[in-house]
Each structure stands twice: as C-alpha cells, then as structure tokens.
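Q: My questions concern the predicted model and sequence given below.
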Amino acid sequence: MATPVIMPRQGQSVESCILGQWYKSVGDKVSEGDILFSYETDKSSFEEEAKEDGTLLATFFEEGDEIPVLVNVAVIGKEGESVEEFRPGGETVTEETTVEETVDEAPKVEEFEVEDNSPDKRIRISPLAKNMAAKLGLAIQSLKGSGPRGRIIARDVEMAAAKTVKTPTAQPQVQAAPKVAPAPAVVLEEGDDYEIKAIPNIRKLIATAMHQSLQNSAQLTHHMSADARKMMKLRKKFKKEFTEGTISQNVTINDLVCFAVIRALEKFPQVNTHYHGDKMKWFKKVHLGLAVDTDRGLMVPALKNADDLSITGLSSQLKQLSTAARSGNINPDLLNPAEATFTVSNLGNYGVEMFTPVINLPQVAILGVCTIVPRPKEIEDGVYAFVPMMGLSLTYDHQALDGGEATLFLAEIKNQIENLSV
Amino acid sequence: MPKCQYINPEDVRKPGQIEFTPIPVNQYSKTVEEEKANFSNEDLVRIYHDMVVIREFETMLNLIKTRNEYNGVEYNHPGPAHLSIGQEAAAVGMAYTLDVDDFIFGSHRSHGEILAKGLSAIDKLDDETLEKIMETHFDGITLAPVKAGHTGTVKELAIKFLIYGTLAEVFARKTGFNKGLGGSMHAFFTPFGVYPNNAIVGGSADISVGAALYKKVNRKKGIVVANIGDASMACGPVWEGLSFATMDQFTELWEGDMKGGLPLVINIMNNQYGMGGQTCGETMGYDIAARIGAGVNTDQMHAERVDGYNPLAVIDAYKRKRKIIEEKRGPVLLDVLTYRYSGHSPSDASSYRSKEEVEAWEKQDSIEWFGKELVKAGVATKAELEAIKTATTDLITASMKLAINDEVSPHMDLEKQPNLIGEMMFSNQSIDKMEDREVEVNHPMEENPRVKQLAKKERFMFDKNGKPFSKIKTYGLRDGLFEAIIDRFYKDPTLIAYGEENRDWGGAFAVYRGLTEALPYNRLFNSPIAEAAIVGTAIGYAMCGGRVIPEIMYCDFLGRAGDEVFNQLPKWQAMSGNVLKMPMVIRVSVGSKYGAQHSQDWTALAAHIPGLKVVFPVSPYDAKGLMNTALQGTDPVIFFESQRLYDIGEQFHEGGVPEGYYEIPFGEPDIKREGKDVTILTIGATLYRTLDAAKTLEEKYNISAEVIDSRSLVPFNYEPVIESIKKTGRIVISGDASARGSFLRDLASNITELAFDYLDAPPVVVGSRNWITPAHELEDYFFPQAEWIIDAIHERILPLEGHVSSNDFTEAEQLDRNARGI
C-alpha cells in the first residue's frame, strides 16, 4: 500500500519549511535511501531520503513552496495505487491531472545516468572541495564546477573565495584614543551619602563603543572549554627556559592562547573580517586586538600582522603593546577598533569562569579567555580523571556569522590549544 | 652448460640402444623365524605395537567421523580425516629404521606416518632429550595435559604426548603440535623428524628434494623420505622434483665431498587408488609404479617394489637402500604396495571398488597376519598381543578425552586475540646468517673480478654538471642486486642460489656475473627448467633452516610454480604454528619486448596471497637496500625486478649507491619527486615514464606532480601517500600490470577509503590494457605511457587548459571496456 512522505520537523520550534528542490519526478522509481527533495528551515538545509522502495506516485508541492511540517509532501507506492487520501487538506494543489497521467505511464526504461548533466541533479563536488567550501562558508550551490563533467573541484572553491574577499571599501568608524592619563574625576555634586562625578573621557568613549556594539549587532556567546594540559606544559617549558636564560621572553599562557587563536583564524578567514552591513571586509592578515586593563580603563590596542610572528615574537610584541597601553604612550591609531581584525580578552587571571565579552565593532567576534578549572574527563575507555580545562567564550555577531561557523571556529581554537605546536 | 663437458657429435650420433636392469618386485621372502637373527623379540613386538597404535588412532577418527562417537565418548569433528587403515605395515616399516635425524615428509593421509616415525624416534631418544623436547615445545603447552597425573616412564609419557599432540592438532586445538593451525592434513613435529605433511597431492615431492639438498649442502646427518601417493606420480611438480633430484651435476660437476647423489628416498605409499581413480588399470599407465625409476636416470633410482603388507619386507628394503644413500648413490625410489580399507575420506562410499576386493585385502590384514606370525615363531603369546590392543584402546580413549576437552585443550581465542593468526603470518626476524660457521667461497671477495670492476663504476648516474655517465661506466641496478647477494654469500654459509642459467652464464640478465668464480657448485648451480622444482626445492631447503635464492627467469613463468608459490611458500610459517621459518627470496624478473608470454607484471598474484612479502625496486639504491633487507629476514619474499632497468643508474639517492651495507625497510614508499598539485604513485618501471609525465605537466601545464615509488606491495605503509594527498588532493596510480584485478586497483581502493575527505577527484588507475602483450613494436599501446597519465589527469581529475587527449580515459570508455571484458 502507498505511503505518504511528510515534511519532517527539524526541531521543536520549526513550523514550516521551504521546499528546495525535487530530485525525483512523479513516475520515477525510488529506492530506499534515494534523495527525494531538499528543504530548508530558516537555519539550515536538509535532504529528505526515501524510506522505502517504490514509485513516486504524486508530489503535492512545488519547489519554493512553504510547507507546514508533518504535512504530506509526496506519496510512494506501487503504480496505480490511489493517492487521494494523502492529499493535504484540499487546498492549493494544482496539476493533479498531469500527475495522474504520469502515474499511468508504462514503466520507464532504466537508463544509466552518467551522462545526465541537467541542473536539478545532485551537485557533483569533490570531498575536498566540499570541505573547503564548508570552512570558507561558501554555498556550494553558488559554485560552478570546472572539473570532469562539471564536478566542483578545489580550484573552483579557491576562485570563488578569492572573489568574495575582493575590495573592501568601508570606512572604519574612527574612535578617539585617550592621549593623556585621566585627571582625577571632577566632583560635580555632593549629597549626604553620595557624590556625582564627571565621567572621564575614556569612560565616555568606552561607554559609547560598548553601547553601540550591543545596539548595532546581533551578539551571542558560545562557551566551550579546552584541555589545557599541553598549554601548561609548554608554559612550564618556556618558564624554565626563561629562568635558565635560554630565551629572553617569558611566554605567558595568554601568549599561547593568542598564538592558538591566530592559527585558528588562518583556518577560518570568515571570522577575520569586519562587518559593514551590506558587505564584509576580509583580511589577509591577522591584526590581533588585545584587551588590556589599564588604570585609565579598558584599552584594546591592535597588534598588526600578528600571524607573521613566532611564539616568542608574539609574546614580546604583546608585552610591549600592553606596557605601552598601561603607561599611556600607546600609538593612538592602534586603539581604533577598525585596526584589529579580532580581539582576545583574557579574564582567566581573575578567576572568571565564563563571561560574554562585547565585540569591538566592526569586528565580528571576540574571544573571552577564562580561568583554568579542573574538570572530569574520560581519559581512556571508562576511566575518568580531573583535567585542567580552560574556559573559552566566543561572542560573535550573528549578522556576520552563523552559529555553525562560530562553533566550528571555537572548536578549532580548542583544537589548536589542545594540540599546540610552537 | 659447463665448458668442461664436451658434447661430441661422434659419440652422441652413434647408433645403439638403452639397456635397463630388471626392477625387483616383492622379492623379500624371509619368515619371522628367519628374521629372529636380525631382530630381538622386543623389536618385533614393538613393530606390532606401533601398527596397532596407528590402527586404533585411525579407527577412532573413523568412528568419530561416521558415528560421532568412539568408545562411549561423543564428539563431532567437522574437519578432514583421510585415514590409512590398512596401510600400517607400510608406515611402520618405513619409519622403523629411520633415525631421529632422518626427516619424513608426507601427504594428506599421513597420520600413520607421523605416529610411526614419532614412535620410532621415541624409541631411539634418551629420556633426558625426550623430556627436553616435550618441555620446550611451545613452552610445555602440548605436554601439560598429558603430564598431569602421568605415573609411568618418560617413554610412555612421550607416547601419550605424541598421540595427544597429533590428535589435538587434528581437532584444531591450540595445544596441538602446530597450535591447531595445520590440522589433520598438515600435522607434523620436527623434533621427531616429522616434517610437514601436505594436503596438495604430490606437494611433498619437490619440498623433500629441497630438504635432501639442505642436508647435503650443509653436511647434515640423515636422509629424507618423501611419502607421496601412487596417484601423485602423475603430477608435474613431482616429475620436476625427480628431475631435480637426479641431476647429473651432483656426480659429474660437484666437487670434493659434495660429489654424489642426494640423501633421498621417494617413498610411494602405493595404496593403489588416487581418491576413486585406480592408478593401475585406469588413471595411470605405469602398471607397477617402480617402473618410473627406469625413466629418470641411469641408476633407475634403484627402484624396487616392496610388499607393504609385510613390515619386515619394508624394513629390509630400507636397510638396503640406506646403504646406497650412504654411498652417495641416491636418490632411491621405493614403490611400497599397500591398501586402504577406509575410503579416501569418510564421505567416500567406495563406489569404485567391490566389497569382495576390500574383504580380500582385509583377510590378509597385516596386523592380524603379523600377530599370528609372531605367535607362530614364539615371539609373543596371543594374550600378550591382546594386552597390547587393550592398552592401546585405553591410550587412544584417554588421549581423545583430553583432546576434546575445551578446558584442557582450547581452540585459539580469536575473540580475545583477534590478530593472533595475523601475527603468525610472518616471522619478521633479522638474522645475519642462519648458521654460524665458515662460508665456502673460492677467493676473498675483494679478489672477485666483478667486485673489482664495480669499484671503477660511477655510483651516481650523473656527473657534477648533471650529464649522465656512459652506460658502461654507470653502476646499474643489476650491480646493486649483485652487491647485496655476494655480501650475503660471504656472510651466511647456508645461502645458496639456483635457477635457470645461474652459473657460468651468470643469470640471463647478468645479475650473477662474477658469482660463478666466487662460489663452488654446491652454492650456485643451474637447475633444470622446472619452475615448480626450483621453488619447491627452495621451500624444502628453507624450512630445514637454510637461506636460499631461487630465480624465476620471467615473471610469466610464475604460473609454472603456482602451487609452490601460492600454496606452499606462503603457508608454512603460520601453518606450522611458527615452528618453521622461511628465509627465502624468489627473484622474479618482469620482462618486456618478448610478447604475450614474456612481458607480464604479475605482482598482484603474489600480493593477493597472504603470507608473502612482495617488493619491486626500480633504482639501484632501492634494489640493493631492499635485497639486503630481504636476505636479512626470515620471511618469504617475492622480489620483482624489471628487465627494462637492469642497467639503469641511480638518479635519486644523493651521493649514489653506498658501497657499504644498508637496509631499506619493507613497506615504505619513496617520494622520487616532490610536487604539490597531483600525486602519482607507481609500481615498477612505470616510474620513469611517470617522471617524464611529471616534467611535461610542469612545463606545459604548470602542474607540479609529486611522484611516489611504491617500492613494496606487501607490506605497504599508506601514510606517506595519504600525507601527499593531503597536500595535492589528487592521485593517479600507475604500473605495468594489466589494470583489471591489479594491485594498482587495490591501492586505489584503499586510498579512496583512507583519504576520501582529502580527494578532489577519485583516484585514477593507469595500468596496462587487459590484452595480450603485443610485440615490442606495439608495446606503447599496451603499457602505460607518459601521455596516458596526462590524459587521465585531464579527463578524470583536473581538466588541463589547452590539453587535447590522445587516449580515451572517459567514463564511457571505461564502462564499455569493462562490459566487454577487455
């Protein structure tokens, strides 16, 4: 007996989906596992497979239709079986006559499909190209294949990516930098149990920037933690070498994290960007912003071309930068948030276990580094041990990045931290 | 073709006729009474005892197979049992005089021979040695079940050990003589001189010849007996073994104490049937199998038919023939007439013979007859003989109970140790020499003319300016092989090499030039043109403990040694429970230019069979290093060489081929050219055409190809290849084998599975066409050429701008060719 194919419900909150593309036509033989159609929710796209063998007897919707979940979309069964009882609620279905005609046709000759290049076939793409496209956040539907018989191959993805990065023209919003140490705040008014003070300039700037950030972007934060053993080992090694005098730079945990972040950014160029509403600015270099807590308030100087540096180079430059910020002789240009492509804010030293850092627009994300906490972890099959885990909080602008990409990027940072080689 | 042997036309064209000497048939006629002078009463009773043990052992198996029960004990044995009920006198007579140092080899029907030879050895060994043998075999694992609760003498314990070890082996228990990996048709126990029994009819013939060769060349005590059936006399490899065993050179050319024949008895256990085929009257034409001796050499192999229903007749024959062998006039052919009452196997309904025939033989049953003769001659009383039977039934029953007890005699636990058998496939040892003694050579190595000549050669192909040296000046691939081989000849006294044209000529491709001067005949000689015997004898030589290099002149001749290469060589290390090692390197030369039967790359055949290591070096550096590794190891290696490349110089290894000793580990592919856009993995001589392709890709299409030479097929480390694919995302696999079913396809399939996510296109195989190899003039249409590789990349992997294919590598063509089977 014929069986209906319903529009699946992908998640509790999803009420309807948009039908993407039919891979089978009415009258086609289908086998279990064949892809029938693709459909999209507002978050993702999916493919629906046939659950049984048979003939596609009827389809009730067209490509592009919005279909409530759990409603019948098609019917699979033996030729000649009735489909009417499955037709969803009487409305909107057209062309049923053609459907019927097709069903009545003699069995189709099975043809070898190798030569079929028609656009509604499955996209031919090499595994490598597919992986590259996913990492770069490129939709494979938009790619044109130059491989054998139109297969999308690595070079097609490379070319598409190169086009996307082209010509950023947006003007960074210039933010003034504090040039001098703040004078003690002027008391404006005194009451019995309070006094009202003027806000220092830097505070005003920070306030504006933070407020704008939250107003003008769609921020949310993902938390993850990374096994910090490798990193602590490296830190220990550097510390020893520093005390022994074999290296001149005391490499800190923060330096190591920054190093790992830079490596991850290299793999996820879509995070190393600025968001400008209708366009994105893709950077070929990593300019790392480092949140520095100073007497005068928070400053985020940028370290230009941080991806060119070795670990000791990075450590030494970050040190110089934060010292300059603290002592107030930082080059004010470097404090412009548009100078950095990504920011790291480290509150680990203060014991913070989790926080939601605020993005420095127009950057699209910021990483909060949290304290290291011992957590149980499965070491081998069934054996658990306490492992020092470092908390990582990634705030990103959902306008620029999707949750999946952000998660993959955060996982890559974790991966870099856990497998760091310097 | 030694020059000292002048073929005089005057002599060989003379008229004349061949004279044969009469071949004795059942000439023995002594009674027990008459033999009392030669045997003590105990000896005669022991002969009776041993026959009874065999009869009861086989009867027990027969009952288990046909009724699932013996003496009230139930058991189901699903495996084979080819029984020899009726043949006991032949087995005991054969083994009775043999010393522990004498080796027997057998067939699928050899339980009786194992027991007879084992009992004979137990009688001859002192208690201390017996105890040591039993306790050291698999660290006492086989001994433990029978030792528990044993109260009698050491010899009685040894008999229990023999029966239990054999039976546990038949029942595939890990306490068996070969850990249960040999089973009924292959069980053996070398410390008692029982060497592998062989389930391939006639399989033991050429192997035994090799064992005899081992004894002779290494001056070991003892003789070798090949127990093969009457039907096996039809098998090609048996004839090849006979030809090899009777070569004139043993007496004509081998020198000093090496002069003389092989210490070998070809013992035809003639039960008159080959399965259901009657050899006399139906499937053979020799009438009496001993006649064969007359066709083999002038000694007629001292052939004789012996009555195998009288143990004393067989013993008498062995006493006389041993003398001949000790006089170095072997080998000997014995046709021991016997009869099996049991079928070929328990499933045999004996539809090919009459009930009357079986009954007539049963009436003459050797055990009954011999017992009566003993009573008649006053050697034993009827009651004493009955007591032997009762004790034997108890012994067999107890052994059976132990052998089927899963707690005492467990099978291998492949759930707990899933790789146990895998780990036994290779012995993986590194041994300089198989025995520590002086090597036999004719002069110090540095005086060797070839060694001196090599000292003047250029060990790298190009001079400082990148110009190639002249061929004659260049150290070639054949020189690399020679250096590794001569080095081993001066290290390992057991090493011998032979094949067609190996001596004097120096091998058809001059790899051995210079070895003739360095080595006496017994270390390097020409074999008959008999590939089965070349490989089969080498197997016998290696399993006895010697290192050996047999040569197959053309890869296409591997089929001639099919059983030896596919069924014998790869199996014995694991099938022996790792008792045996197989330090043997078969050199196989892959041809070209000579058409369909002289140009095939059959690496896939060798790689397909588990238990063989397979390498195919194509540069002098790799050839020398891999040959050194092969000769240092203890596993069988199929060592492929390409006739296209014997004179090629070294162009990859910086500094050229080192003069000293070095090894290259098996299994490691080698990057011969670095690149980043596409990987090309090759097997064999195709490497050089691939390098041409890489050059064109670079110059014409700006594609940088990484070229990897597989060097080994088994084992093979895929990691370097996968690393390369991570870089390039693309791979072509090329070699000279016909593509269908080739190892190229195996590589492609594994690579697809292992590197799928890194691939920008499916791996593409560019092999030879699935045709006959045409004449040299047409070979470029058959073997992969540089353009083929470029075309394949263009069509299937990465369309190249401006490229026009001249060969059809489209999917449609691939479909069509496969559909048509070409």
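A: Received it, and whenever you're ready, just let me know what you need.
Q: For the rest of this, base every contact and every neighbour count on C-alpha atoms.
A: Noted.
Q: what bits of the chain have low per-residue confidence?
A: Since you didn't name a chain, this refers to chain A. Chain A contains residues with pLDDT under 70 at A:10-13, A:42-44, A:90-121, A:164-186.
Q: The chain in question should be chain B.
A: Those would be B:1, if you go by pLDDT under 70 across chain B.
Q: Kindly list the longest helix within it.
A: Looking across chain B with DSSP state H, the single longest helix is helix B:41-67.
Q: in that one, what counts as buried?
A: B:41, B:44-65 (16 or more other C-alpha atoms under 10 Å in any protein chain shown).
Q: Give the next helix or strand downstream of it.
A: Per DSSP states H and E, the first helix or strand lying C-terminal to helix B:41-67 is strand B:69-70.
Q: Neighbouring strands of the next helix or strand after that following strand in the sheet, and parallel or not?
A: Counting by DSSP H and E, the element after strand B:69-70 in chain order, helix or strand, is strand B:73-74. Its sheet considered, strand B:73-74 pairs with strand B:69-70 (antiparallel) by DSSP bridges.
Q: Report the distance from the partner strand to the chain centre.
A: Chain-centre distance of strand B:69-70: 37 Å, with C-alpha atoms, centre = their mean, to the nearest Å.
Q: contacting residues around it?
A: If you take C-alpha atoms under 8 Å, 6 or more residues apart in numbering or on different chains as the criterion, strand B:69-70 is touched by B:60, B:63-64, B:75-76, B:397.
Q: just those now: which is nearest A:Asn336?
A: B:Asn76 (86.8 Å; C-alpha to C-alpha).
Q: Could you double-check that that closest one lies in contact with B:Asn68?
A: Yes. Look at B:Asn76 against B:Asn68 with C-alpha atoms under 8 Å: they come within range, at 5.2 Å.
Q: How many residues are close by A:Ala198?
A: 14 (other C-alpha atoms under 10 Å in any protein chain shown).
Q: Are we agreed that A:Ala400 is in a strand?
A: No. Judged by DSSP: H, G, I helix; E, B strand; the rest coil, A:Ala400 forms no part of a strand; its state is coil.
Q: in stretch B:684-692, what counts as buried?
A: Residues B:684-691 are the ones in stretch B:684-692 that count as buried (16+ other C-alpha under 10 Å).
Q: can you redo those residues as CSV with secondary structure?
A: Shown next, in CSV, are these (three-state DSSP):
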residue, secondary structure
B:Gly684, coil
B:Ala685, coil
B:Thr686, helix
B:Leu687, helix
B:Tyr688, helix
B:Arg689, helix
B:Thr690, helix
B:Leu691, helix
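Q: is it possible to export the residues you listed to TSV including distance to chain A?
A: Formatted as TSV, the buried residues of stretch B:684-692 follow (distance: C-alpha to the nearest C-alpha, whole Å):
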residue	distance to chain A
B:Gly684	29
B:Ala685	29
B:Thr686	25
B:Leu687	25
B:Tyr688	27
B:Arg689	24
B:Thr690	22
B:Leu691	24
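Q: Which of those residues sits closest to A:Ser322?
A: In terms of C-alpha to C-alpha, no member of the buried residues of stretch B:684-692 lies closer to A:Ser322 than B:Leu691, at 54.6 Å.
Q: which residues touch that closest one?
A: B:Leu691 touches B:673, B:707, B:786, counting by C-alpha under 8 Å, 6+ apart.
Q: still on that earlier bit, tell me which of B:Asn76 and B:Asn68 has more neighbours.
A: Higher neighbour count among B:Asn76 and B:Asn68: B:Asn68, with 16 against 13, using other C-alpha under 10 Å.
Q: From B:Glu407, how far off is that one?
A: Separation of B:Asn68 from B:Glu407 (C-alpha to C-alpha, to the nearest Å): 20 Å.
Q: which residue sits closest to A:Arg9, ignoring its sequence neighbours?
A: A:Val69 (5.3 Å; C-alpha to C-alpha, 6 or more residues apart in numbering or on different chains).
Q: burial of that neighbour, as a residue count?
A: Neighbour count for A:Val69, taken as other C-alpha under 10 Å: 17.
Q: Was I right to think it contacts A:Ser16?
A: Yes. Judged on C-alpha under 8 Å, A:Val69 makes contact with A:Ser16 at a distance of 4.9 Å.
Q: Need the residues touching each of those two.
A: Here A:Val69 and A:Ser16 share the contacting residues A:Arg9, scored by C-alpha under 8 Å, 6+ apart.
Q: Does the residue of chain A positioned farthest from its centre belong to a helix, a strand or coil?
A: Relative to the centre of chain A, and counting by C-alpha atoms, centre = their mean, the farthest-placed residue is A:Asp192 at 51.7 Å. Here A:Asp192 is coil, with the state taken from three-state DSSP.
Q: Distance check, it against chain B.
A: For A:Asp192, the distance to chain B (C-alpha to the nearest C-alpha, to the nearest Å) stands at 71 Å.
Q: What parts of the stretch 51-200 of chain A come near chain B?
A: Within the stretch 51-200 of chain A, the residues that sit near chain B (C-alpha under 8 Å from any C-alpha of the partner chain) are A:126-129, A:131, A:146-148, A:153-154.
Q: which of those are the two that sit furthest away from each other?
A: Farthest-apart pair in these is A:Asn131 and A:Pro148; separation 18.5 Å (C-alpha to C-alpha).
Q: okay, now the domains of chain B?
A: B:32-405, B:445-642, B:671-820 (automatic domain parsing).
Q: the helices in chain A, which residues?
A: Assigned by DSSP H, chain A shows helices spanning A:96-104, A:127-136, A:154-165, A:201-216, A:229-244, A:253-267, A:311-327, A:403-418.
Q: B:Lys321: which of the ones you listed is closest?
A: Once the helices of chain A are compared by C-alpha to C-alpha, helix A:127-136 is nearest, at 72.6 Å.
Q: What sits closest to B:Ala91 if chain neighbours are left out?
A: Nearest in space to B:Ala91, with sequence neighbours left out and distances taken as C-alpha to C-alpha, 6+ apart, is B:Glu113 at 5.1 Å.
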